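Asks: Sequence first, then the predicted structure, then my questions.
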Amino acid sequence: IKKCAQEGLESDNIGIKTVDLVLNADNLQKGIVKYEMKPVDLKEIVSKITAEKKVEAESRDLKIELDIKDGAYEVLADAFWLKEAINNLIENSIKYTKKGVIAIGLEKTKDLPAQAGKVLVSVKDTGIGIDEEDRKILFTEGGRGKDSVHVNVDSTGYGLYSVKLIVEAHNGRVWAESKGEGQGSEFFIELPVIV
């Protein structure tokens, strides 16, 4: 009975998360969400999320790595929503990777003149990868890979759409790269730093 009750509760929680995700995406799209922009330490946010996700990754026999380059990473952001965006990318990598590594990185892109004053958060995995067709729709409303539900039955296509809305509200950009199916993926969030 206890096992059945736990499974029922897990199922209910997944349903609640799905409804919450769709409502959040709708509110973000309509501009109802009011961001409280303040200087925040991106290094602290990324480190904290990585530590929180370590148990989940290890429970799936995945290794999680964090590589933060030296320097200050202060950005103007709503800490809650920015954490939601980064958390979504890491969570997706865990869900869509059966074995291997989730590598999370944080670095400045000041060496590239066109991107002066930017920081880059990256989440790279050894998961199922993304083909070119799926990559075109990833960050659109309800957009998800054609085979995503085979790996993650709870896929809604609203997680990455929410990430895009959040990152754009922070004057940043988000994108994904992959060499194709079965070759892993890498997701990036680029944000301006406070100078």
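Replies: Noted; the coordinates are in hand. Numbers count the residues shown, from 1 in each chain.
Asks: I'd like to know how many residues surround residue 187.
Replies: By other CB atoms under 10 Å, the residues close to residue 187 number 25. The way it works is simple: take the backbone N, C-alpha and C, and place the C-beta from them, glycine included.
Asks: partner residues bridging it?
Replies: When bridges are called by DSSP bridges, residue 187 pairs up with residue 123, residue 176.
Asks: Settle this for me: it is touching residue 96, isn't it.
Replies: No. Residue 187 is beyond contact range of residue 96, at 10.8 Å (criterion: CB atoms under 8 Å).
Asks: isn't residue 81 right up against residue 35?
Replies: Yes. At 6.2 Å, residue 81 and residue 35 qualify as touching, with contact defined as CB under 8 Å.
Asks: Show me the common contact partners of these two, please.
Replies: 169, 170 (CB atoms under 8 Å, 6 or more residues apart in numbering).
Asks: out of the two, which sits in the busier spot?
Replies: Taking neighbours as other CB under 10 Å, residue 81 and residue 35 compare with residue 81 leading, 21 against 15.
Asks: how near is that one to residue 94?
Replies: As judged by CB to CB, to the nearest Å, residue 81 and residue 94 stand 21 Å apart.
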